[in-house]
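Participant: Any chance you could fold what I've pasted below:
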Amino acid sequence: MQVHWLGAIFLSTIFVLNEAKHSNNWAVLVDTSRFWFNYRHVANVLSIYRSVKRLGIPDSHIILMIADDMACNPRNPRPATVFNNANQHIDVYGEDVEVDYRGYEVTVENFIRLLTGRLPPSTPRITSPQIMIVLTDEGSNILIYLTGHGGDGFLKFQDSEEVTSQELGDALEQMWQKRRYHEVRACNRYREVTVIVTYQRK
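Facilitator: Have a look, this model is predicted:
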């Protein structure tokens, strides 16, 4: 695997997810914050959601995790909407947003499990957010985008737990050993800086 660290503006780095030879591509988009004062994090993740859909990734290959429902928050002056800038021209929430994990379902455990596919033996074989995983293969490109509060080597989930860079690295290593991706872009946005890590099979 090759690993490259760089800070950059995220939208300038989106790679071509829908190349013909990499057709089973996925996006895992996570807002890890709660509470109204973290409105911008929901707006961030919904903006990326709109972008990857526009680039050709269907909802069936997007896993969207939103820790708090800003659209229906009683302090929202425009209910059922989320905007990513002050002019409020584009509602990034809209009617066609498919949220896979919401509220207290957004946990470190669920995030790691959906990447690795490692589930408890007692898990029933039914479709539900608790057992959703990315069904990737060795030709897949995966975009992992996380936005919230954190620091060097960690990102907070719902202000009550943390995912570490080691945990994310271990999950990606498990996926690599199972030949479950060709390339992963893991993007962690905090402190108004986006940190991007690329993992690629060789």
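Participant: and the nearest residue to Met70 once chain neighbours are set aside, how far is that from Arg54?
Facilitator: Distances taken as C-beta to C-beta, 6 or more residues apart in numbering put Val42 closest to Met70, at 4.5 Å, once the chain neighbours are dropped. Backbone N, C-alpha and C define where each C-beta goes, glycine included. For Val42, the distance to Arg54 equals 19 Å [C-beta to C-beta, to the nearest Å].
Participant: of those two, who's got more company?
Facilitator: Val42 (25 against 8; other C-beta atoms under 10 Å).
Participant: check contacts around the more buried one.
Facilitator: Val42 is in contact with Asp31, Ser33, Ile66, Asp68, Met70, Val82, counting by C-beta atoms under 8 Å, 6 or more residues apart in numbering.
Participant: Please apply the same query to Gly117.
Facilitator: With C-beta under 8 Å, 6+ apart, Gly117 has these contacts: Ile133, Val134, Lys178, Arg180.
Participant: Show me which of these are buried.
Facilitator: Buried by 16 or more other C-beta atoms under 10 Å: Val134, Arg180, out of the contacts of Gly117.
Participant: among the contacts of Gly117, which are in helices?
Facilitator: Using DSSP state H, no member of the contacts of Gly117 falls in helices.
Participant: ok, back up a step: and the residue nearest to Met70, what element?
Facilitator: Following DSSP states H and E, the helix or strand that holds Val42 is helix 39-54.
Participant: Please identify the buried residues of that helix?
Facilitator: The neighbour-count check on helix 39-54 (16+ other C-beta under 10 Å) flags 39-53 as buried.
Participant: Could I get the average pLDDT for it?
Facilitator: Taken as a whole, helix 39-54 carries a mean pLDDT of 94.
Participant: Name the member of the contacts of Val42 with the most neighbours.
Facilitator: The residue in these with the most neighbours, by other C-beta under 10 Å, is Asp31 (31 neighbours).
Participant: Let me know whether it touches Met65 as I believe.
Facilitator: Yes. Counting by C-beta atoms under 8 Å, Met65 is a contact partner of Asp31 at 6.7 Å.
Participant: anything in contact with each of these two?
Facilitator: Common neighbours of Asp31 and Met65 are listed as Val45, Val106 (criterion: C-beta under 8 Å, 6+ apart).
Participant: need the contact list for the closest residue to Arg34 other than its chain neighbours.
Facilitator: Taking C-beta to C-beta, 6+ apart as the measure, Arg34 lies nearest to Asp68, with 4.4 Å between them; neighbours along the chain are not counted. Going by C-beta under 8 Å, 6+ apart, Asp68 touches Asp31, Ser33, Arg34, Phe35, Trp36, Asn38, Val42, Gly103.
Participant: What is the burial count for the fourth one?
Facilitator: As a burial measure, the neighbour count of Phe35 was computed by other C-beta under 10 Å and equals 13.
Participant: Walking through the protein, point out its helices one by one.
Facilitator: Secondary structure of the chain (DSSP H): helices at 39-54, 108-116, 165-177.
Participant: Of these, give the one that comes closest to His89.
Facilitator: With C-beta to C-beta as the measure, helix 39-54 is the member of those nearest His89 (12.6 Å).
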